[in-house]
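J.: Would you be able to build a 3D model of this:
(one chain, ligands or ions: 1)
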Amino acid sequence: MNPASDSTRPALAFLGPVGTFSHQAAYECFGPSVEYVPQHTIGDVFQSLSPHLPFGVVPQENNTNGSVVETYNSLRDSAIGHDNFIRGYIVLTVSHCLVIRRGVKLEDIKHVLSHEQALGQCRSFLALHLPRASLVPTDSTASAAEEIATGTGAFDPYTCAAICSSIIVTIYKNLEVLQEGIQDGEGNSTRFFILTNGSDRGFPPDRIPPAQRQALIRIDGLAGNQTTRKSKRVDIRRVIDTLDLDILRIDRRPALHVSTFQDIYFLEVGDMGSDDENGALPWLEKFSQAKGRLEAAGVESTLLGHW
Ligand SMILES: O=C(O)C(=O)C[C@]1(C(=O)O)C=C[C@@H](O)C=C1
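T.: The predicted model follows:
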């Protein structure tokens, strides 16, 4: 599929199919200014970015269930910070529904299908109302609903429910909402990263994400050869001291291609104290200086994006 073939609008990749929360988050930011191109997985959203498909939206964190692991795994890829960049974020209020084939009752449900984040965000509801149902992770909330609507999944659709957005029942007429608002937390919200191919790719007019004086840095390891890396772990406290920026969050994933139990850190940094530019160093310059200090200290890092 050539994403830009039938439109003059730039294309945007999102976790599909149509009706996911990623789709809704992307629409909140970009509206009708882009052509929406669904992808099967979060990893595919990252992989699909190119000059022909310049925008992407991926979930990053939920305020009750935590970091989206698949996104942080993808952020380990060397293309991020080289070809593709994070340029902003969107926060979406997420309300989950239990969706079934028309006529199915709560006592008929043996399997609950959804994205693992959604299953995690509805843990209390599931423990209370469906304690014996098996929880089946799917690529997205909307793909869970699609499986039940089309009957293409591994289970009899009349024994299944999906956790997804209420928008889904406007797409599949053989589905209905059995229960609304089943998420555990009040104000359940997910934050999504906005990605672009190329660090200076322009946004459609009126769709520019607000500047926040924030950045995401990946701490790749210590400079040196493979042997040095094996013997020395990154001292994250020293890295933070050297950066001397406000640390907004820290995430950690196992490093790829180095010895067992080595870590990659992701530091979201900001410049909260000086949001008036008067007298303060411009944010990017301040950040470049901090990155220079890291290099001088022998720490390999990659700027994954700033906004
Ligand atoms: O499956 C979807 O609808 C998604 O867009 C993914 C996702 C996530 O990974 O966090 C997005 C928002 C909700 O937190 C649940 C699932």
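J.: Can you classify the residue in the stretch 201-307 of the chain that the ligand sits nearest to as helix, strand or coil?
T.: Going by Cβ to the nearest ligand atom, the ligand is nearest to Asp251 of the stretch 201-307 of the chain, at 14.5 Å. (Each C-beta comes from the backbone N, C-alpha and C, glycine too.) Of the three states, Asp251 takes strand according to DSSP: H, G, I helix; E, B strand; the rest coil.
J.: For it, list each beta-bridge partner.
T.: Counting by DSSP bridges, Asp251 is bridged to Phe266.
J.: Now do the contacts for the most centrally placed residue in the chain.
T.: A centroid search over the chain (Cα atoms, centre = their mean) returns Pro59, at 2.2 Å, as the residue closest to the centre. By Cβ atoms under 8 Å, 6 or more residues apart in numbering, the contact set of Pro59 is Leu15, Phe21, Ser22, Ala25, Ile42, Val68, Thr71, Gln117, Thr190, Arg191, Phe192.
J.: let's see it at 7 Å
T.: Ser22, Val68, Thr71, Gln117, Thr190, Phe192 (Cβ atoms under 7 Å, 6 or more residues apart in numbering).
J.: a strand runs through it, doesn't it?
T.: Yes - secondary structure of Pro59 (three-state DSSP): part of a strand.
J.: so what's the closest residue in space to it that isn't next to it in sequence scoring on pLDDT?
T.: In space, and not counting its chain neighbours, Pro59 is closest to Val68: 4.6 Å by Cβ to Cβ, 6 or more residues apart in numbering. The model reports Val68 with a pLDDT of 98.
J.: Tell me who's in contact with Val68.
T.: Pro59, Gln60, Glu61, Gln117.
J.: Tell me the most packed of these, by neighbour count.
T.: Highest neighbour count within the contacts of Val68, by other Cβ atoms under 10 Å: Pro59, with 27 neighbours.
J.: so how far is the ligand from it?
T.: Separation of Pro59 from the ligand (Cβ to the nearest ligand atom, to the nearest Å): 4 Å.
J.: For Ser166, see how far away that residue is.
T.: Note on Pro59: its distance to Ser166, by Cβ to Cβ, to the nearest Å, is 18 Å.
J.: Ala127 now?
T.: Taking Cβ to Cβ, one finds Ala127 at 22 Å from Ser166.
J.: And for Gly198?
T.: 36 Å.
J.: Test of understanding: give the bridge partners of Ile247.
T.: Going by DSSP bridges, Ile247 forms beta bridges with Val269.
J.: what residues are up against it?
T.: Taking Cβ under 7 Å, 6+ apart, one finds Ile240, Leu267, Val269 in contact with Ile247.
J.: would you turn the residues you listed into a markdown table with distance to Val104, pLDDT and neighbour count?
T.: Below are the contacts of Ile247 laid out as a markdown table (distance: Cβ to Cβ, whole Å; pLDDT from 0 to 100; neighbours: other Cβ atoms under 10 Å):
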| residue | distance to Val104 | pLDDT | neighbour count |
| --- | --- | --- | --- |
| Ile240 | 52 | 95 | 16 |
| Leu267 | 46 | 97 | 21 |
| Val269 | 48 | 95 | 24 |
